[in-house]
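> any chance you could fold what I've pasted below:
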Amino acid sequence: MVNNKKKYVLDFTTENGSKYYFDGITGTIIPINNIMEDIVEMYPQYNTEEIKIKLMSKYPIEQIQSCISFIERWVKTYGGIFITNKEIQKNKYNMKYFNEITLKQFFDMGNQYQLIINITEDCNLRCKYCYLSEVYEFTRNRTSQKMTLETGKRAINMFLKKLDEISEFNPGKKGIITFYGGEPLLEYLNIKELIEYAKKTTTVPLTFNLTTNGTLLNEEIIDFIVENNIYVAVSLDGSMFNHDRNRVYSNNKGSYEKIISNIELFRRKYPNYNFLSLICVYDIKTDLIENDKFFENNDNMPPVTFVNGVSSINTNYFKQFSQEDYKKHFEQYSFLVNKYVDSKKNHIKISEYLRVLMEEQLCGLLIRSRHQDIRPPMLPYTNNCVPGMKISVRADGTYDMCERVNSTTPIGDINKGLNLTSIKNIIKDYNSSITEECDICPINKVCSLCFAQCNNDGCFKKYVDCEQIRNINRYNLSIIYSIMEVNPDAYENFEDSINIEWFFNN
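Numbers count the residues shown, from 1 in each chain. Purely as a prediction, here's the structure:
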């Protein structure tokens, strides 16, 4: 190659036919035309004089020269549009030769922020899509096991000790402790004691989170939540029909009425409490349009902060749906995409459900890394955090890297802390199994793949084709910029709108 470079952009087109590049190096969106496209295609193989000669019969020489000048300035100033073999080899070296010392230095620099306490593996519901059930092949199943207070306190001690060390050179360091399950409120008294213990023990500011199915909320629990400023996410899948189809008790009775009653109690008692939100899950038979109308007509509901589909990884759950079910689902989804785009263009208010349904998929592109934002060198590609940045503690005290992974890749325990050798091996296994072709992909820093999405039985497997991921990103970029061409301020305050989601989804 003349310039020792490979094209490193993703092209996309908006509704009105405008063309753009997503620059994989800088994260910048660059408007382009046909001349620019031709030059970028030719640039790695030919020098500028050869490019001019080859294109003179198609375009005016002044326009060719102008585009070449822009490209050369962009490459010289930002290193964008193309990636060099030198940069590829540097990433390969970092991925291959990091070790336990590298990881220790990484965590000592302050890269640890969240403790997830799986206080129980039991639940009072039997949700049909639960990933902690028999419908998922490799996940741990629901059991009666619960975390002891001693285990919870030891987990908190280990977490706070690390935060305390970090705060010596990073005085602004904060921590997050999340209570998860099963249904965590089955162990409310232990949660209460652990929060009181953490507040007495900590030397750094802490935020507390709780993810619950909402059926056990009562006045005492609600009072405690508010007194301690706990961020609470309640699972509600939308309308009664949509919710009760999947979120049921062991007798198959729906849980909608109980949850709505408890939410109404919470809102009546504390109408101005801002840390209460809803998590919504949908599957192929969910009536998405009905859910959109449900939330449009219920302005008094807590904000929706998470709308996501049932996981399709390692499960037989989706065998129940017919081709007609899929057809109806995609028709509804397309309808809502068009509604979202038109509403954002024209400053029309939409339901929180629709906003989050759409922006959940757009989020990674809207708050993507830009020029000089650096990924961890041992994980330069895809959407992973380094295992150990957040720690999910099982009821028995074993550490996992995330509450969404199965139990086949532990990273330590409450007695010895993080196992840096295990973390190193997990990262190397992931890089060799999943990221082999990422170095030449322009969306490798916004790719949605992560450990949880690739988790198999003690190893990692890619379940989605890379070209499909690129096309999804093309589609999402087209949505964003079709809107912004008409309404440039459409996402001006986007980061403010996702602050609460961050506590539950990172």
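> which residue ranges form the strands in the stretch 101-250 of the chain?
Assigned by DSSP state E, counting those that start in this stretch, the strands in the stretch 101-250 of the chain fall at 114-118, 175-180, 206-212, 231-235.
> tell me the angle of the last one relative to strand 206-212?
I take that to be strand 231-235. With axes from the mean of the first three to the mean of the last three CA atoms, to 10 degrees as the basis, strand 231-235 and strand 206-212 are set at 10 degrees to each other.
> what does the first one give?
With the same axes, to 10 degrees as the basis, strand 114-118 and strand 206-212 are set at 40 degrees to each other.
> how about strand 114-118: buried residues?
114-118 (16 or more other CB atoms under 10 Å). Any C-beta I mention is one placed from the backbone N, CA and C, and that applies to glycine too.
> where in the stretch 401-506 of the chain is pLDDT low?
497-506 (pLDDT under 70).
> go again with 80.
495-506 (pLDDT under 80).
> kindly report the same for the chain.
Applying pLDDT under 80 to the chain picks out residues 1-4, 138-142, 369-374, 495-506.
> how about the nearest residue to residue 252, chain neighbours excluded?
Once flanking residues are discounted, residue 252 sits nearest to residue 126: 7.9 Å by CB to CB, 6 or more residues apart in numbering.
> for that neighbour, grab the count of nearby residues.
Here the number of neighbours of residue 126 (other CB atoms under 10 Å) works out to 16.
> mind putting the buried residues of strand 114-118 in CSV, distance to residue 145 included?
Shown next, in CSV, are the buried residues of strand 114-118 (distance: CB to CB, whole Å):
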residue, distance to residue 145
114, 22
115, 19
116, 16
117, 14
118, 9
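> farthest pair within the residues you listed?
Between any two of those, the greatest separation by CB to CB is 13.0 Å, found for 114 and 118.
> so residue 277 sits against residue 233, correct?
Yes - applying CB atoms under 8 Å, one finds residue 277 in contact with residue 233, separated by 5.3 Å.
> quick one, strands of the stretch 301-450 of the chain?
Using DSSP E, counting those that start in this stretch, the strands of the stretch 301-450 of the chain run over 304-309, 390-393, 398-400, 412-413, 417-418.
> single out the most deeply packed of those.
Greatest average neighbour count among the strands of the stretch 301-450 of the chain goes to strand 390-393 (a mean of 23), per mean count of other CB atoms under 10 Å.
> now for it, which elements pack on it?
strand 114-118, helix 149-167, strand 398-400 (3 or more CB pairs under 8 Å, 6 or more residues apart in numbering; DSSP states H and E).
> partner strands of that strand and their direction?
Strand pairing for strand 390-393, using DSSP bridges, gives strand 114-118 (parallel), strand 398-400 (antiparallel).
> mind listing residues that contact that strand?
Residues external to strand 390-393 that are found in contact with it (CB atoms under 8 Å, 6 or more residues apart in numbering): 112-118, 147, 151, 155, 159, 176, 180, 399-403, 405, 411-412, 414, 418, 506.
> how about 7 Å then?
Strand 390-393 has contacts (CB atoms under 7 Å, 6 or more residues apart in numbering) with 113-118, 155, 159, 399-403, 414.
> most remote residue from the chain's center?
Distance from the centre of the chain peaks at residue 57, with 47.8 Å (CA atoms, centre = their mean).
> can you confirm it is in a helix?
No - counting by DSSP: H, G, I helix; E, B strand; the rest coil, residue 57 is located in no helix; its state is coil.
> quick one: contacts for it?
Here residue 57 is in contact with no residue (CB under 7 Å, 6+ apart).
> would you mark the buried spots in stretch 420-439?
420, 422-424, 426-427, 430-431, 434-435, 438-439.
> do the same with stretch 441-451
441-447, 449-451.
> CA atoms of the host helix or strand of residue 77 as PDB?
Here residue 77, judged by DSSP states H and E, is contained in helix 61-78. The C-alpha coordinates for helix 61-78 follow below in PDB (Å, rounded to 0.1, in the frame of the first residue of the first chain):
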ATOM      1  CA  ILE A  61      -9.700  19.300 -10.700                       C
ATOM      2  CA  GLU A  62     -10.400  22.100  -8.100                       C
ATOM      3  CA  GLN A  63     -12.900  19.900  -6.300                       C
ATOM      4  CA  ILE A  64     -10.600  16.900  -6.400                       C
ATOM      5  CA  GLN A  65      -7.700  19.000  -4.900                       C
ATOM      6  CA  SER A  66     -10.000  20.500  -2.200                       C
ATOM      7  CA  CYS A  67     -11.100  17.000  -1.100                       C
ATOM      8  CA  ILE A  68      -7.500  15.700  -1.100                       C
ATOM      9  CA  SER A  69      -6.400  18.700   1.000                       C
ATOM     10  CA  PHE A  70      -9.200  18.100   3.500                       C
ATOM     11  CA  ILE A  71      -8.300  14.400   3.800                       C
ATOM     12  CA  GLU A  72      -4.600  15.100   4.200                       C
ATOM     13  CA  ARG A  73      -5.200  17.800   6.900                       C
ATOM     14  CA  TRP A  74      -7.600  15.400   8.700                       C
ATOM     15  CA  VAL A  75      -5.100  12.600   8.700                       C
ATOM     16  CA  LYS A  76      -2.200  14.800   9.800                       C
ATOM     17  CA  THR A  77      -4.100  16.600  12.600                       C
ATOM     18  CA  TYR A  78      -6.300  13.700  14.000                       C
END
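> understood, closing this out.
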